[in-house]
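Colleague: Need coordinates for the below:
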Amino acid sequence: MEKLRTIAGLLRIRHTAQVAGIVALVGLKNRVDFGHLVSPVLAILSLTVSLFFLDDAHDYKSDVVVHPGRAVPRGVVASETLLFLGIPILVSAILVALTLSRFQLFCFATIAFSGLVVVYLRLPSVLRSMLAAYMIWALFPFGTGSMNAGTLLFGLVVALPHIGGNIAKDFIHQKGDQKIGLPRPHTKSKYIAASAFLTCSIVLWIPVALGLVNWYYTGFILLTFLSCLFLGAELLLNRFGKVYLLGAVGMIASLLAFIFGLDRL
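Modeller: Numbering: from 1, shown residues only. So this is what the prediction gives:
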């Protein structure tokens, strides 16, 4: 059981499954046949795992202070091992991506570049959050192999809460981050985080107005709407504690809205 928990922690199962699931979902909604769906999912899955391995290998010293429960600080696995694994997995992801269309390859390249920047550079909270949100948004055109109103809007519905959520989490963890030399988030960045949630609460209704969804979408997306409104108000009041719970509720509701509320992207 301990080994399974260690493996799950290294792979970040929840996040990895979310990324691969988005690519698979948007591909299926775009009527991509199974044979053409495997390569994008495999490429993004390999990229995600490699970035997590490289991140753990790079941050092992700071994780001793901030995340002592992770595998590397506990001595379960060496940082060199993760680096040794992360690089070939990244190379394999690139090789798979080279078999995709030029548009998908471009999307993949920008996602990979953004991920490596987030891993290896110490960025301000807002910039890091926006890059992470871009990586989530780009999964939609990457998965469909095209850009249209649907991929743009539904990508924003998922990406905007990531901006607000990541900034809010930086406020939650700022004491630990300061111990390892990371700058504390700027006080005014909470307004950017709140604005991201409140903007999302508007954007998610645009597909309804454009007739891109069926009535199932409305029922599920209502939960996302309420969570975004509540979190936007909470952040303005300097209350960050509920971002994990309500952020998860909003994300699950959004994915269910996409699954049952979209006939085609």
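Colleague: Am I right that Leu10 is in contact with Phe53?
Modeller: Yes. Under the criterion of C-beta atoms under 8 Å, Leu10 makes contact with Phe53 at 7.0 Å. Every residue, glycine included, has its C-beta placed from N, CA and C.
Colleague: between these two, which one's more packed in?
Modeller: Using other C-beta atoms under 10 Å as the criterion, Leu10 and Phe53 rank with Phe53 on top: 25 against 19.
Colleague: And the particular helix or strand that has that one in it, what's buried?
Modeller: If you go by DSSP states H and E, Phe53 is part of helix 34-58. Neighbour-count burial for helix 34-58 flags 37, 40-58 (criterion: 16 or more other C-beta atoms under 10 Å).
Colleague: neighbours around Ala24, how many?
Modeller: The local packing of Ala24 (other C-beta under 10 Å) involves 19 other residues.
Colleague: Could you check how far it is from Ser79?
Modeller: 31 Å (C-beta to C-beta, to the nearest Å).
Colleague: likewise Val32?
Modeller: Applying C-beta to C-beta, the value for Val32 to Ser79 is 38 Å.
Colleague: Could you do His58 as well?
Modeller: For His58, the distance to Ser79 equals 8 Å [C-beta to C-beta].
Colleague: which residues touch the closest residue to Ser227 other than its chain neighbours?
Modeller: Nearest non-adjacent residue to Ser227, counting by C-beta to C-beta, 6 or more residues apart in numbering: Gly250, 3.8 Å away. By C-beta atoms under 8 Å, 6 or more residues apart in numbering, the contact set of Gly250 is 161, 223-224, 227-228, 231.
Colleague: Just give me the closest of those to Ser129.
Modeller: The closest of the contacts of Gly250 to Ser129 turns out to be Pro161 (C-beta to C-beta; 10.7 Å).
Colleague: Helices of the stretch 1-150 of the chain, residue ranges please.
Modeller: Shown for the stretch 1-150 of the chain, the helices assigned by DSSP state H, counting those that start in this stretch span residues 2-11, 13-29, 34-58, 60-66, 79-97, 102-120, 125-137, 139-144, 149-172.
Colleague: Report the mean per-residue pLDDT for the first one.
Modeller: Spelled out, it's helix 2-11. Averaged across helix 2-11, the pLDDT comes to 64.
Colleague: same thing with the fifth one?
Modeller: Regarding helix 79-97, the rounded mean pLDDT is 92.
Colleague: Show residues contacting that helix.
Modeller: 10, 39, 42-44, 46-47, 49-51, 53-54, 56-58, 60, 72, 104-105, 108-109, 112.
Colleague: try 7 Å this time
Modeller: 39, 42-43, 46-47, 49-50, 53-54, 56-57, 60, 72, 105, 108 (C-beta atoms under 7 Å, 6 or more residues apart in numbering).
Colleague: The longest one now?
Modeller: Outside of helix 34-58, the residues that reach it under the criterion C-beta under 7 Å, 6+ apart are 10-12, 16, 19-20, 23-24, 27-28, 70, 72, 79, 82-83, 85-86, 89-90, 92-93, 96-97, 99-100, 104, 108, 111-112, 115, 119-120, 139, 142-143.
Colleague: quick one: buried residues of stretch 124-140?
Modeller: By neighbour count on 16+ other C-beta under 10 Å, the buried set for stretch 124-140 is 125-126, 128-140.
Colleague: of those, the lowest pLDDT goes to which?
Modeller: Among the buried residues of stretch 124-140, Ser125 has the lowest pLDDT, at 86.
Colleague: and Ala78, what are its phi and psi?
Modeller: Phi and psi for Ala78, reported as degrees, to the nearest 10, are phi -80, psi 150.
Colleague: Please tell me how far it sits from Ala57.
Modeller: Look at Ala78 and Ala57: by C-beta to C-beta, they are 9 Å apart.
Colleague: buried set for stretch 168-175?
Modeller: Within stretch 168-175, the residues that count as buried by 16+ other C-beta under 10 Å are 168-171, 174.
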